[in-house]
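Q: how does the following fold in three dimensions:
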Amino acid sequence: MRASPSAPEAPATLTDFLRVHLQHLLDPVASFLNRIGIQPNTVTLLGLAGNLVGALWLAQGKFALGGFMVLLMGPVDALDGTMARLRGEPSEFGAFVDSVTDRYSELTIYGGLLVYALVHAELTLAFLVFLAAAGSVLVSYVRARGEALGYSVKGGMLTRVERYLVLGPCLLFNLPLVGVAIVAFLANVTALQRVLHVRRQARQQMEA
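A: Model (predicted):
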């Protein structure tokens, strides 16, 4: 019987790149927060609260303020895991809570945009917000489902960090339709890329 081939490596994501190259910036901040007694879960909830505020601004059409908050909360979302690592307390449950909170944070942003679109009868924007939210959820779901089956599921064109880096500046410069359209298209492409990556691994296993 032939040995099972190793799973094809997915390309490194921007998240992986930033985690490596910005670690020297995040570690001192995380160390300071640990020293003054702030808990990682507190930072997780702070990030969610910040995105809720941003969503409220977006619902009111204050796109620049909402975009600023989206960009501001990005580094905050990265601090909780860094704090836990420096404490020597990383846990699977902590990572689970962080991941769930990240999904809520992102969906609140789309929720704010959807409220604005519906109140102002901007149906194109509303439809694109739906596609962006669906694609973003599917990117995470495909990875979770694939990894639960034992496959490697990473990479793709537009992971969460990239989505924030596209949407945040577009909102900041009052271009919500452009930002949402890009995310709507590329997030769904990313989900499909991950599905195809899992398919390749499944075929390799069948041929082994």
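Q: only C-alpha atoms from now on, for both contacts and neighbour counts.
A: Fine.
Q: any stretches of the protein with poor pLDDT?
A: The chain contains residues with pLDDT under 70 at 1-22, 90-91.
Q: how about the longest helix seen in it: buried residues?
A: Scanning the chain for the helix with the most residues, using DSSP state H, yields helix 176-207. Residues of helix 176-207 classed as buried: 176-184, 186-195, 197-198, 201 (neighbour count, 16 or more other C-alpha atoms under 10 Å).
Q: then stretch 149-158?
A: Of the residues in stretch 149-158, 151, 152, 153, 154, 155, 156, 157, 158 count as buried by neighbour count, 16+ other C-alpha under 10 Å.
Q: tell me what the longest helix of the chain is packed against?
A: Applying 3 or more C-alpha pairs under 8 Å, 6 or more residues apart in numbering; DSSP states H and E, we find helix 176-207 packed against helix 123-148, helix 160-172.
Q: quick one on the thing from earlier: from the buried residues of stretch 149-158, which single one is nearest residue 39?
A: Nearest to residue 39 among those: residue 154, at 28.8 Å, using C-alpha to C-alpha.
Q: now do the residue nearest the centre of the chain against residue 166, distance only.
A: For the chain, the residue sitting closest to the mean C-alpha position, by C-alpha atoms, centre = their mean, is residue 160 at 2.6 Å. Here the criterion is C-alpha to C-alpha, to the nearest Å. By it, residue 160 lies 10 Å from residue 166.
Q: go on, residue 52?
A: 19 Å.
Q: more crowded one of the two?
A: For residue 52 and residue 166, the more surrounded residue by other C-alpha atoms under 10 Å is residue 52, and the numbers stand at 23 against 18.
Q: what's the helix or strand for the residue nearest to that one when sequence neighbours are not counted?
A: Leaving aside its sequence neighbours, residue 52 sits nearest to residue 108 (C-alpha to C-alpha, 6 or more residues apart in numbering; 6.2 Å). Assigned by DSSP states H and E, residue 108 belongs to helix 92-119.
Q: so how far is that helix off the chain centroid?
A: 9 Å (C-alpha atoms, centre = their mean, to the nearest Å).
Q: switch to numbering from 182
A: Renumbered: residue one is now 182, and that last one reads helix 273-300.
Q: same for that helix, what does it pack against?
A: Packing contacts for helix 273-300, counted by 3+ C-alpha pairs under 8 Å, 6+ apart, involve helix 221-240, helix 244-268, helix 304-329.
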